[in-house]
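1. What follows is a protein structure lacking sequence information:
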């Protein structure tokens, strides 16, 4: 209890970023959502999870949407949601790992342009060893849609390697979270804006 009060007092003195539109980008399972929630607690900037926004608008979970309508329809919904959020004056955006691609796995120029033009993009990165460990834990989460028919850790790592240059292309900054917990990861991002 005392520790929490000290942390709350300390957080009151952390200034909000001068760039009020921040997008967290990176591969699935890296911790973007947890880091975004922690930053929201500190900065009190409106938080939007793009995946949650799509689920709320469609009234279905992403795995059901993809199963029923396919990846192409989902990527179009993702673009529409991103376009809508890019009009917000202040926002902390939690992007899904595939934000940089279209359904065919190719570069999404339309989404990359929107992100680069409207957001300070923080690429949440990790080394491959830690990424593999995170992906092993993630495979037990059935609410995540499979990226392919035969999804394995190795196939996911191939997708990660394909996407990483796209994350780096639009990144305003890169924060390596290989050796951190959620609070430490959030603190590294806060340091970018001091």
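-> Yep, that arrived. The shown structure was predicted, so the numbers you read here are calculated from the model rather than taken from an experiment.
2. can you pull the pLDDT of the residue positioned nearest the centre of the chain?
-> Centroid-nearest residue in the chain: residue 95, 3.5 Å away (criterion: C-alpha atoms, centre = their mean). According to the prediction, residue 95 has pLDDT 97.
3. Contact partners for it?
-> Counting by C-beta atoms under 8 Å, 6 or more residues apart in numbering, residue 95 touches 23, 24, 25, 32, 50, 82, 115. In this view, the C-beta of every residue, glycine as well, is placed from N, C-alpha and C.
4. among the residues you listed, which ones are buried?
-> Buried by 16 or more other C-beta atoms under 10 Å: 23, 24, 25, 32, 50, 82, 115, out of these.
5. Let's see which of those end up in strands.
-> 23, 24, 25 (DSSP state E).
6. quick one: the closest residue to residue 105 other than its chain neighbours from residue 152, how far?
-> Nearest residue to residue 105, sequence neighbours excluded (C-beta to C-beta, 6 or more residues apart in numbering): residue 162, at 6.7 Å. Distance of residue 162 to residue 152, given as C-beta to C-beta, to the nearest Å: 15 Å.
7. Those two: who's more crowded?
-> Shown here are residue 162 and residue 152; by other C-beta atoms under 10 Å, residue 162 has more neighbours (14 against 11).
8. Who are the contact partners of residue 175?
-> 122, 123, 124, 125, 185, 188, 189, 192 are the contacts of residue 175 under C-beta under 8 Å, 6+ apart.
9. Low-confidence ranges, this protein, go.
-> Along the chain, segments meeting pLDDT under 70 span 1-19, 139-150.
10. Strands along the chain, start to end?
-> Under DSSP E, the chain gives strands at 21-25, 47-49, 91-94, 120-125, 173-176.
11. contacts for the longest one?
-> This means strand 120-125. Under C-beta under 8 Å, 6+ apart, the answer for strand 120-125 is 17, 19, 21-26, 30-32, 35, 115, 164, 167-168, 170-178, 185, 189, 192.
12. from the chain's centre, how far out does it sit?
-> 8 Å (C-alpha atoms, centre = their mean, to the nearest Å).
13. Sheet-wise, list the partners of that strand with their directions.
-> According to DSSP bridges, strand 120-125 has the following sheet partners: strand 21-25 (parallel), strand 173-176 (parallel).
14. Counting neighbours, what do you get for residue 136?
-> Residue 136, neighbours per other C-beta under 10 Å, totals 12.
15. and the nearest residue to it once chain neighbours are set aside, how far is that from residue 63?
-> Leaving aside its sequence neighbours, residue 136 sits nearest to residue 153 (C-beta to C-beta, 6+ apart; 6.2 Å). Distance of residue 153 to residue 63, computed by C-beta to C-beta: 19 Å.
16. Repeat that for residue 191.
-> The separation that residue 191 has from residue 63, given C-beta to C-beta, amounts to 36 Å.
17. More neighbours: which of those two?
-> Neighbour count, other C-beta under 10 Å: between residue 191 and residue 63, residue 63 has more, with 15 against 10.
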